[in-house]
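1. Next one to model:
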Amino acid sequence: MIDRIVTSGTFSLDGGTWDVDNNVWVVGSDSEVVVIDAAHDAEAIARGIGDRAVRAIVCTHGHNDHINAAADLAARVDAPILLHPADQVLWEMVYGDTPYTPLEDGQVLSVGGADLTVLHTPGHAPGAVCLHVPGLGAVFTGDTLFKGGPGATGRSFSSFETIIDSIRGRLLTLPEDTVVHTGHGDSTTIGAEAPHLQEWLARGH
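-> Presented below is the predicted three-dimensional model:
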């Protein structure tokens, strides 16, 4: 079971602020779920979860628009917040020294009969991760891969070369029919995006 909740707010970094709509993904069964990227509105996310148990709140990376409702939601549903520790500096911009549970590359999160495998995919942020769920034919990519290309790398703590390496080595190797559920905008598939790698390289940043 995959549910999408769209929330709206702002993303701030390097002195700029932008209005954004975020995809919050709820994955699991009718009894238990994980939440991927608790963005902007904990109340709206909690409504979407309903009475299902939340096993974890997983952050695909530490940008404020992907984590700014995590602490509020965690308190509401009594669930741990999981983040890759390479995004510590981004986490601290929002939460200071508030603790979280570290994510590791290759870690498997099991919920509602689904296994979510953590893929460390740095580039958009140092601790960016994707979550591959073979049983659902899906991968949740945060801001690493979108419909139409890689996530932005023009701001602090990002790298175009690194995100391309992550996409080429960790995502484009997945089955072509894998559905890519992104952090913003529409979903796509690995097969739809893979042929455009050379275009992205030519386009650069």
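2. tell me which element Gln21 falls in.
-> Not quite, residue 21 is Asp, not Gln. Using DSSP states H and E, Asp21 falls within strand 16-28.
3. helix or strand right after that strand?
-> Note on strand 16-28: by DSSP H and E, the next helix or strand toward the C-terminus is strand 32-36.
4. what comes up buried for that following strand?
-> Within strand 32-36, the residues that qualify as buried are 33-36, counting by 16 or more other CB atoms under 10 Å. Where you see a C-beta, it was placed from the backbone N, CA and C, and this is true even at glycine.
5. send the alpha carbons of it over as CSV?
-> What follows is strand 32-36, C-alpha atoms only, in CSV (Å, rounded to 0.1, in the frame of the first residue of the first chain):
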residue,chain,number,x,y,z
GLU,A,32,1.3,-0.3,10.1
VAL,A,33,3.3,2.1,7.9
VAL,A,34,6.4,4.1,7.6
VAL,A,35,6.3,7.8,6.6
ILE,A,36,8.8,9.1,4.1
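6. Between strand 32-36 and the helix or strand following that strand, find me the angle.
-> Later in the chain than strand 32-36, the nearest helix or strand by DSSP H and E is helix 42-49. Counting by axes from the mean of the first three to the mean of the last three CA atoms, to 10 degrees, helix 42-49 points 140 degrees away from the direction of strand 32-36.
7. mind showing which ranges of the chain have poor pLDDT?
-> 205 (pLDDT under 70).
8. Gly185: what's it in contact with?
-> Gly185 makes contacts with 23, 146-147, as judged by CB atoms under 8 Å, 6 or more residues apart in numbering.
9. Surely it is in a strand?
-> No. Applying DSSP: H, G, I helix; E, B strand; the rest coil, one finds Gly185 to be coil, outside a strand.
10. any idea how far Gly127 is from it?
-> Remark: distance between Gly185 and Gly127 (CB to CB, to the nearest Å) = 22 Å.
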